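[1] Output the structure for:
(one chain, ligands or ions: 1)
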Amino acid sequence: MLGSNRLTKTLVFQLDVESGNEDLIYDAVLEARAVYNETIRLAKQGVEWQAIPDRVADDADLVKNTTQRIVAKALAAMKNYYEHDDFGQPSHTKDGAYPLRANYEEGYDLSLTSAGEVAFRISAKPYKHIEGILKGNDAQLDILKTALTSDEWKLTTAETLWCDGNPELHVNVTNTEKRVRDKQNSQTIVGVDVNEDNVALTALSADGVEDTLVIDFPEIKFERHRYFTIRKRIQKARKDSIHTVLEGRERRFVRDRLHKISRHIVEWSHQFEKPCIVFEDLKEMRESIDYGTRMNRRLHHLPFRALQFYTTYKASFAGIPTAWINPEYTSQRCPMCEHTERANRNKKRFKCRSCKHQDHSDRSASVNIAVKGIEKHQNWNVPALNSLPTVRKMRRQASGAVNAPAVTHDAVRGHHTDGSVGVSK
Ligand SMILES: [Zn+2]
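    Numbering: from 1, shown residues only. Okay, here's the model as predicted:
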């Protein structure tokens with residue numbers, strides 16, 4: 001299928017290594033660096049490339065398959081250098097860790113434990129395995145567990161890396177059935193503004209704003225606060241096991257809600273022509289300076305990253321691409337006249353200091369995110385905005401009942417009951 005991609009994910013985990021084996025991984029990633037360096041050195045020396053793999057493999061203290069992959073990677077870097085002068089000649093004198101790349105069931109193996117965790121086994125060195133348990137966030141573990149138990153997913157390669165003094169395993173999984181449309185080939189951009197207690201969505205096409213939806217979820221904030229308070233009390237009484245139980249309950253509660261909200265975002269987006277869902281890029285946000293308290297508050301609250309992750313994942317399943325933009329000024333810019341000033345925004349209220357346009361501030365942000373998404377990823381123009389549709393608000397029900405059933409477009413629209421206009425506080 002043209003203009004689409006296989007659905008692949010790279011899942012990132014920390015390695016909780018069985019005791020006594022901690023040093024083995026570090027030795028192996030250093031050995032991987034030595035193999036890489038030796039390959040580059042021989043190539044520079046003018047040794048025939050076909051002869052290099054065997055020469056390096058003889059001395060390498062790694063399993064054969066892993067050595068072959070590192071040699072291939074090093075030679076590919078040399079080839080790139082010869083074919084494109086601007087690549088810079090690969091170095092053979094760098095030190096530090098180099099990733100160990102391996103095929104599933106060759107260089108590494110994963111299995112579900114009876115406790116519901118995922119155990120790993122990495123063959124780093126000949127006859128020496130590293131075993132232990134994968135640690136990571138729930139969303140990534142969920143996908144991995146699905147991949148391990150379903151034919152629809154295939155585990156492919158993984159890399160063992162050394163990150164900031166800790167071993168990690170980056171696992172690539174591919175969905176064998178689904179495909180995702182190219183994001184460049186979209187007709188509607190859905191800007192998603194994620195906040196502590198709501199998400200604001202705006203669908204923008206070449207004709208203008210198609211629709212806006214704000215999904216409120218105050219119960220997440222409320223429940224997290226409630227559990228936090230209970231845990232504090234228990235901490236004082238030193239009942240650690242109860243503490244853990246509560247933490248698990250809180251996590252499940254939040255996770256359950258985030259799954260539902262992300263499903264709703266995808267269903268809502270699905271009604272538009274060739275949609276692409278756009279988020280603010282968390283990494284760029286961290287590096288930015290001018291965000292003040294709003295951004296800090298958003299960054300330190302869990303829903304942000306997890307909600308993006310769940311939504312991306314579910315969107316992929318629906319064949320909908322996702323994209324990221326730089327979050328700079330998305331909450332300060334006026335969507336009508338583009339005047340950008342921090343004072344335009346006051347909590348949930350947006351009022352442009354220049355053209356006096358008023359709006360729900362999170363909706364404004366979602367329009368700006370959509371605009372940036374078009375500028376960055378599409379080859380059509382951002383339409384001039386003269387008016388914006390009414391902000392539709394809906395609240396997810398605290399019972400957890402899904403009040404937006406599996407998509408038909410009308411069904412989703414039908415739930416935007418509250419037609420309150422523009423500004424709310
Ligand atoms: Zn304005």
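
[2] Packing partners of the host helix or strand of residue 66?
    Under the criterion of DSSP states H and E, residue 66 resides in helix 64-83. For helix 64-83, the packing partners by 3 or more Cβ pairs under 8 Å, 6 or more residues apart in numbering; DSSP states H and E come out as helix 22-45, helix 52-59, strand 100-103. No exception for glycine: its C-beta is placed from N, CA and C like everyone else's.

[3] Would you mind confirming that residue 258 makes contact with residue 305?
    No: contact between residue 258 and residue 305 fails when scored by Cβ atoms under 8 Å: they sit 10.2 Å apart.

[4] picking that back up, the helix holding residue 66 - what's its average pLDDT?
    Helix 64-83 shows a mean pLDDT of 87.

[5] Can you list the buried residues in that helix?
    66-71, 73-75, 77-78, 81 (16 or more other Cβ atoms under 10 Å).

[6] List the contacts of the residue lying closest to residue 211 once chain neighbours are set aside.
    Using Cβ to Cβ, 6 or more residues apart in numbering and skipping residues adjacent in sequence, the residue nearest residue 211 is residue 203, 5.2 Å away. The neighbourhood of residue 203, defined by Cβ atoms under 8 Å, 6 or more residues apart in numbering, consists of 188-190, 209-212, 269, 272, 275, 370.

[7] State the number of residues packed around residue 263.
    With neighbours defined by other Cβ atoms under 10 Å, the count for residue 263 comes to 18.

[8] name the element it belongs to?
    Assigned by DSSP H and E, residue 263 belongs to helix 240-270.

[9] in that helix, what counts as buried?
    243, 246, 250, 253-255, 257-270.

[10] Could you name the helices and strands sitting against that helix?
    Going by 3+ Cβ pairs under 8 Å, 6+ apart, helix 240-270 lies up against helix 138-149, strand 188-194, strand 198-205, strand 208-216, helix 218-237, strand 275-280, helix 303-317, helix 409-414.

[11] and those as a markdown table, adding mean pLDDT?
    Output for those, formatted as a markdown table (pLDDT from 0 to 100):
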| stretch | mean pLDDT |
| --- | --- |
| helix 138-149 | 88 |
| strand 188-194 | 96 |
| strand 198-205 | 95 |
| strand 208-216 | 94 |
| helix 218-237 | 77 |
| strand 275-280 | 96 |
| helix 303-317 | 84 |
| helix 409-414 | 32 |
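
[12] Show me the domain layout of the protein.
    With domains defined by automatic domain parsing, the chain comprises 4-179, 182-414.

[13] Send me stretch 61-68 as CSV with only the CA atoms.
    Extracted in CSV, the C-alpha atoms of stretch 61-68 (Å, rounded to 0.1, in the frame of the first residue of the first chain):
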residue,chain,number,x,y,z
ASP,A,61,34.3,-11.7,23.2
LEU,A,62,30.6,-11.5,22.1
VAL,A,63,28.1,-13.9,20.7
LYS,A,64,28.6,-14.3,17.0
ASN,A,65,25.3,-12.9,15.8
THR,A,66,25.8,-9.7,17.9
THR,A,67,29.3,-9.3,16.5
GLN,A,68,28.1,-9.6,13.0
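
[14] what residues does it touch?
    With Cβ under 8 Å, 6+ apart as the criterion, stretch 61-68 contacts 28, 31-32, 35, 53, 56-57, 60, 70, 100-103, 106-107, 123-126.

[15] Closest to the ion out of the contacts of residue 203?
    residue 209 (15.1 Å; Cβ to the ion).

[16] In space, what's closest to the closest one - neighbours in sequence excluded?
    Here the residue nearest residue 209, using Cβ to Cβ, 6+ apart, is residue 388, at 5.4 Å.
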